[in-house]
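*Asks:* I'll drop the sequence and a predicted model, then ask my questions.
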Amino acid sequence: MENKEALINYCLRLGDSSLILGQRMAEWCSNGPILEEDIAMTNISLDLFGQSRMLYSYIAELEGGTNEDEIAFRRNEREFFNTLISERPNGHFGDTIARNFLIDAFSFHYYKQLVKSNNEVISAFAEKSLKEVTYHLRHSSEWMIRLGDGTEESKIKIQNALNKVWKYSDDMFDVNDGDKSLIESGIAVNPEEIKEAWNETITSVLKRAKLTRPEDGYFHKGSRNGVHSEYLGHLLTEMQYLQRAYPDAKW
Amino acid sequence: MTLVIVFYDLKIVNCELNIKTNNNMSDLEKFLEKIEENIKIEPKDWMPDDYRKHLQRQMSQHAHSEVIGMQPEGNWVLRAPSLRAKVILLAKIQDEAGHGQYLYSAAETLGKSRSTYINELQTRKAKYSSIFNYPTLTWADMGAVGWLVDGAAIVNQVSLQKTSYGPYSRAMVKICKEESFHQRQGYEIISNMAKGTPEQKQMAQDALDRFWWPSIMMFGPHDADSSRSENAMKWKIKNETNDQLRQKFIDKTIQQAEIIGLTIPDKDLRWNDETNHYDFGEIDWDEFWNVVKGNGPCNDDRIEHHIKAHEDGAWVREAAIAYAEKNG
């Protein structure tokens, strides 16, 4: 039973992070710097929604009596376990790219390990998601490089964006007690194990982008226990509006 | 002679110089023969200047419509009521961005760049479909837009697959494949709501009430009042007139409304045994021309939104160009 709760909570961690970032990326719809980017960002958003749906369906199966929409639209702020960095506002294009770059590098290395999970659903999820985030990481890395090595203005903008979002990056590596038991039983991956690979990716892309890796200082945390920034509540308010306003309706 | 040439468009000069060919046929005659025999006109072929201009206007207007159309639908992506509905809507909007991109490329074959077309949109020299100047107020509007607006667009675009300009025709073939999925998506939303709670049904009917007339206006003025139709028909850019296409759309849509128990807001609508078509009421052309001229509920917002995204992204585009120049 304990294991099941831990597993559900772990799936929420992964699924919520995809959902919330997906919602953020959907905000770019019709706002991209060029039509091709609108298409690319919508693609990423669609991948992320697909990832969350896969895990929510699994949770619904484990819990019984619920479904992906109840999980997405009927939970409150403190019941969400997405990473803090995924709920950061889009800001300008560089803010979005810097945020996504740190997340994509994490997801890429994390899913690479998670493919080996002895839970078949989790492993299949990781395999599918790995293909997608490989592309996402390429997208954000290429933009880091173009903005870092573009104009004076773009260099300043992307460096500042990176500096600002850096303090939310370590929260991705946080685990709770449930995760620890899942790591021990070979279902989950310990994020600490991929930290080196993550760091290497970050460092090598920043080098190509001629950008400076921010200093490790204070890091914001709390999302692994469902403690978020103020931004999440607003995002959920918008996202959940119809399901909350018409609880008996089917769409 | 030289002085006179200076005042002419280069293409006209070109046309005049080439007027006699070895077959003793002028370029114009050859062009008209191709049109007559339904042979597609390709970018490098000679074409009358008015043909080129007509296509530049129509194709860029088509591309702009796809792009501006992302806004009223994007208005509901973040609030879609289920994950399934959200991804379907988002995929649809993504298709539209792709159609816009594709159509801009096709329009560029006429010798005008995408950035020039976009500038014409932002300075309001170019138009886009007026339907997108109406707001999407409830989720049911996502149904109405897919069902009616995409439904009307399909009727038009199916017909345009046979258009005489090769790149436009090929773009239409590709686009039509995706549009039928869009219409089904919209119809599914509005059907679900029409058979849902009383509030949902009311929203569905309200969406139909607001979008019906603007949708049938999408086909443009009556043939008698459409100044550009004559050339477009002569050159087979269009193969069916505004009124013919409008009638096709009305005939097929009425039954779809009946199936889901919604009422088309037109008291004059009735089947005509003699014509084998539905008769319908008088369209409010004052409203139509007002919206065309910029006085629709959302004209200003749509253009301002487009300009803002474009301007906000300027530094990104500049960076990409600078990077390419340094590393190209």
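*Replies:* Nice, thanks for sending it over.
*Asks:* from now on I want contacts and neighbour counts done on CA atoms only, so please keep to that.
*Replies:* Noted.
*Asks:* alongside chain A, which residues does the stretch 51-200 of chain B contribute?
*Replies:* B:67, B:70-71, B:74, B:77-83, B:87, B:90-91, B:94, B:97-98, B:101, B:189, B:192-193, B:196-197, B:200 (CA under 8 Å from any CA of the partner chain).
*Asks:* put the buried members of those residues into a PyMOL selection.
*Replies:* Buried residues within these, by 16 or more other CA atoms under 10 Å in any protein chain shown, are selected in PyMOL with:
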select buried, chain B and resi 67+70+71+74+77+78+79+80+81+82+83+87+90+91+94+97+98+101+189+192+193+196+200
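*Asks:* mind checking which of the residues of the stretch 51-200 of chain B next to chain A land in helices?
*Replies:* Cross-referencing those against helices under DSSP state H gives B:67, B:70-71, B:74, B:77, B:83, B:87, B:90-91, B:94, B:97-98, B:101, B:189, B:192-193, B:200.
*Asks:* what distance do you get for A:Y135 to A:Q113?
*Replies:* 17 Å (CA to CA, to the nearest Å).
*Asks:* enumerate the positions of the helix or strand hosting A:E196 that are buried.
*Replies:* Using DSSP states H and E, A:E196 sits within helix A:195-208. Across helix A:195-208, burial judged by 16+ other CA under 10 Å covers A:195, A:197-198, A:201-202, A:205-206.
*Asks:* and if you look at stretch B:289-308?
*Replies:* B:291-292, B:296, B:298-299, B:302-303, B:305-307.
*Asks:* would you turn those into JSON lines with secondary structure and pLDDT?
*Replies:* Output for these, formatted as JSON lines (DSSP: H, G, I helix; E, B strand; the rest coil; pLDDT from 0 to 100):
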{"residue": "B:V291", "secondary structure": "helix", "pLDDT": "96"}
{"residue": "B:V292", "secondary structure": "helix", "pLDDT": "94"}
{"residue": "B:G296", "secondary structure": "coil", "pLDDT": "96"}
{"residue": "B:C298", "secondary structure": "coil", "pLDDT": "98"}
{"residue": "B:N299", "secondary structure": "helix", "pLDDT": "97"}
{"residue": "B:R302", "secondary structure": "helix", "pLDDT": "98"}
{"residue": "B:I303", "secondary structure": "helix", "pLDDT": "98"}
{"residue": "B:H305", "secondary structure": "helix", "pLDDT": "98"}
{"residue": "B:H306", "secondary structure": "helix", "pLDDT": "98"}
{"residue": "B:I307", "secondary structure": "helix", "pLDDT": "98"}
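*Asks:* could I get the average pLDDT for stretch A:32-51?
*Replies:* The average of the pLDDT scores along stretch A:32-51 is 97.
*Asks:* quick one: that stretch near chain B?
*Replies:* Yes: using CA under 8 Å from any CA, stretch A:32-51 reaches chain B at A:32-36, A:38-39, A:42-43, A:46, A:49.
*Asks:* low-confidence stretches in the chain?
*Replies:* All of this is about chain A. Scanning chain A with the threshold set as pLDDT under 70 gives A:1-2.
*Asks:* wrong one, chain B
*Replies:* Scanning chain B for pLDDT under 70 picks out B:1-24.
*Asks:* can you give the domain ranges for it?
*Replies:* B:1-35, B:40-327 (automatic domain parsing).
*Asks:* which strands or helices does the helix or strand hosting B:E318 pack on?
*Replies:* Using DSSP H and E, B:E318 sits within helix B:314-327. Packing partners of helix B:314-327 (3 or more CA pairs under 8 Å, 6 or more residues apart in numbering or on different chains; DSSP states H and E): helix A:120-148, helix A:152-166.
*Asks:* what's the angle from it to helix A:120-148?
*Replies:* With axes from the mean of the first three to the mean of the last three CA atoms, to 10 degrees defining the directions, helix B:314-327 sits at 80 degrees from helix A:120-148.
*Asks:* next, the buried residues of helix B:314-327.
*Replies:* Within helix B:314-327, the residues that count as buried by 16+ other CA under 10 Å are B:315-323.
*Asks:* just stretch A:123-139 next, same as before
*Replies:* By neighbour count on 16+ other CA under 10 Å, the buried set for stretch A:123-139 is A:123-130, A:132-134, A:136-137, A:139.
*Asks:* only alpha carbons, please: show it as PDB.
*Replies:* Taking C-alpha atoms only, stretch A:123-139 is exported to PDB below (Å, rounded to 0.1, in the frame of the first residue of the first chain):
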ATOM      1  CA  SER A 123       9.900   2.300 -18.500                       C
ATOM      2  CA  ALA A 124       7.700   2.600 -21.500                       C
ATOM      3  CA  PHE A 125       6.900   6.200 -20.500                       C
ATOM      4  CA  ALA A 126      10.600   7.000 -20.300                       C
ATOM      5  CA  GLU A 127      11.300   5.400 -23.600                       C
ATOM      6  CA  LYS A 128       8.700   7.400 -25.400                       C
ATOM      7  CA  SER A 129       9.600  10.600 -23.600                       C
ATOM      8  CA  LEU A 130      13.300  10.200 -24.200                       C
ATOM      9  CA  LYS A 131      12.700  10.400 -27.900                       C
ATOM     10  CA  GLU A 132      10.700  13.600 -27.500                       C
ATOM     11  CA  VAL A 133      13.000  15.400 -25.000                       C
ATOM     12  CA  THR A 134      16.000  14.600 -27.200                       C
ATOM     13  CA  TYR A 135      14.500  16.900 -29.700                       C
ATOM     14  CA  HIS A 136      13.400  19.400 -27.000                       C
ATOM     15  CA  LEU A 137      17.000  19.500 -25.700                       C
ATOM     16  CA  ARG A 138      18.300  20.100 -29.200                       C
ATOM     17  CA  HIS A 139      15.800  22.900 -29.700                       C
END
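*Asks:* near chain B at all, stretch A:145-158?
*Replies:* Yes: under the criterion of CA under 8 Å from any CA, stretch A:145-158 makes contact with chain B via A:146-147, A:149-151, A:153-154.
*Asks:* circling back to that earlier point, redo the helices and strands packed on helix B:314-327 as TSV? Include distance to A:R13.
*Replies:* Shown next, in TSV, are these (distance: least, CA to CA, whole Å):
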stretch	distance to A:R13
helix A:120-148	12
helix A:152-166	20
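*Asks:* which SSE is the residue nearest the centre of chain B in?
*Replies:* Closest to where the C-alpha atoms of chain B average out (CA atoms, centre = their mean) is B:H62, at 3.8 Å. Assigning secondary structure by DSSP H and E places B:H62 in helix B:49-68.
*Asks:* which other helices and strands contact that helix?
*Replies:* Using 3+ CA pairs under 8 Å, 6+ apart, helix B:49-68 is in contact with helix B:83-108, helix B:114-122.
*Asks:* what does the helix holding B:E318 rub up against?
*Replies:* With CA atoms under 8 Å, 6 or more residues apart in numbering or on different chains as the test, helix B:314-327 has contacts from A:33-34, A:93, A:146-147, A:149-151, A:153-154.
*Asks:* ok, now stretch A:244-251?
*Replies:* Residues from elsewhere that reach stretch A:244-251 (CA under 8 Å, 6+ apart): A:73-74, A:243, B:81-82, B:189, B:192-193, B:196-197, B:200.
*Asks:* I'd like the residues you listed as a markdown table, with distance to A:R88 appended.
*Replies:* Below are these laid out as a markdown table (distance: CA to CA, whole Å):
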| residue | distance to A:R88 |
| --- | --- |
| A:F73 | 19 |
| A:R74 | 21 |
| A:Q243 | 24 |
| B:P81 | 23 |
| B:S82 | 23 |
| B:I189 | 31 |
| B:N192 | 35 |
| B:M193 | 34 |
| B:G196 | 36 |
| B:T197 | 36 |
| B:Q200 | 34 |
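*Asks:* what's the closest of the residues you listed to B:N38?
*Replies:* Nearest to B:N38 out of these is B:I189 (CA to CA; 39.7 Å).
*Asks:* which strand or helix spans A:L14?
*Replies:* helix A:2-26.
*Asks:* list the buried residues in that helix.
*Replies:* Those would be A:6-26, for helix A:2-26 by 16+ other CA under 10 Å.
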